[in-house]
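Participant: Take this sequence and fold it.
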Amino acid sequence: MRRLQLILFAAVALAVAASAAAQAGRLTGTVKDPDGKAIKGATVRASSEIAAARITSTTDEKGRFAMIGLRSGPWKIVVEAPNFLPLDGQAAVSAGNSPVLALVLQRDPGPMPGALAKSIGDDVNGAEALRKAGRYDDAIAAYQSIQAKNARLTSVSLMLATLYREKAQQEKDSAARQALLARAIAAYGDMLKSDETNVRARIELGVTQMTAGNADAAAKAFQDVIAADPKSPAAVEATAHLQEIRK
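Facilitator: Below you'll find the predicted structure:
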């Protein structure tokens, strides 16, 4: 009787193993660069939500990798290698279909010249916090640092100009006040050189010229805004400023 039980147990075990093998598949392939050269040491990750599994393989000197025992179904593939851009995709795996993938990784060109720094959001928030706290010198230094690291972010000139004007309004010394207003006017001018259609910069330039006592220059800035789009909200605002000048 015991011998019969052992035989039956062995038969069941073999059946289960055969069923699992029938459901398992494999995934193989190569990872190369755009010139067709093998990439050694690339990491290939396969993950399946259905199987709740994740398998990792590393390419050999010929760029080859292999994974076995994958459950049938869709698998997400992610490939990474130093100095190359990551690649991701999907592969359908089954016992009767063992995908052979020919994967090509593109070289990482590195940061683009003039690209924005990744920390730009935190940097701007920090600079604005200094400005709101009335720490104008620190805020100006912070925005100048942002400008130095992010040459393409021309709107920083707008913030710097506003800071110079706000600091000027707190300055009691007449000469220092005029010097700050002159810096603000120059910063607005820099902004308009890179974006001459920036209406906000032109209005703020006019307001700063008014504050500095340059009525003719202020009127010119407001008239340019009105001429660009007479029916716009900006033109209405510019017209109101013109009326202040003419009083």
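
Participant: What count of nearby residues applies to residue 48?
Facilitator: Residue 48 has 17 neighbours, counted by other Cβ atoms under 10 Å. The way it works is simple: take the backbone N, C-alpha and C, and place the C-beta from them, glycine included.

Participant: Kindly state the beta-bridge partners for it.
Facilitator: Taking DSSP bridges as the rule, residue 48 bridges to residue 53.

Participant: Please tell me how far it sits from residue 89.
Facilitator: According to Cβ to Cβ, to the nearest Å, residue 48 and residue 89 sit 14 Å apart.

Participant: ok, residue 200 - contacts?
Facilitator: Contact analysis of residue 200 by Cβ atoms under 8 Å, 6 or more residues apart in numbering lists 158, 234.

Participant: give me the element it is part of.
Facilitator: Taking DSSP states H and E as the definition, one finds residue 200 inside helix 199-211.

Participant: quick one: average pLDDT of that helix?
Facilitator: Averaging pLDDT along helix 199-211 gives 92.

Participant: list the buried ones in that helix?
Facilitator: Neighbour counts over helix 199-211 (16 or more other Cβ atoms under 10 Å) mark 199, 201-211 as buried.

Participant: try stretch 223-238
Facilitator: 223-226, 234-235, 237-238.

Participant: okay, how far is it across it, tip to tip?
Facilitator: Using Cα to Cα, to the nearest Å, one end of stretch 223-238 lies 7 Å from the other.

Participant: what would the buried residues of stretch 223-238 look like in CSV with distance to residue 145, pLDDT and secondary structure?
Facilitator: Compiled in CSV, those are given as follows (distance: Cβ to Cβ, whole Å; pLDDT from 0 to 100; DSSP: H, G, I helix; E, B strand; the rest coil):
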residue, distance to residue 145, pLDDT, secondary structure
223, 36, 93, helix
224, 32, 91, helix
225, 31, 91, helix
226, 36, 93, helix
234, 31, 89, helix
235, 36, 90, helix
237, 32, 93, helix
238, 33, 91, helix
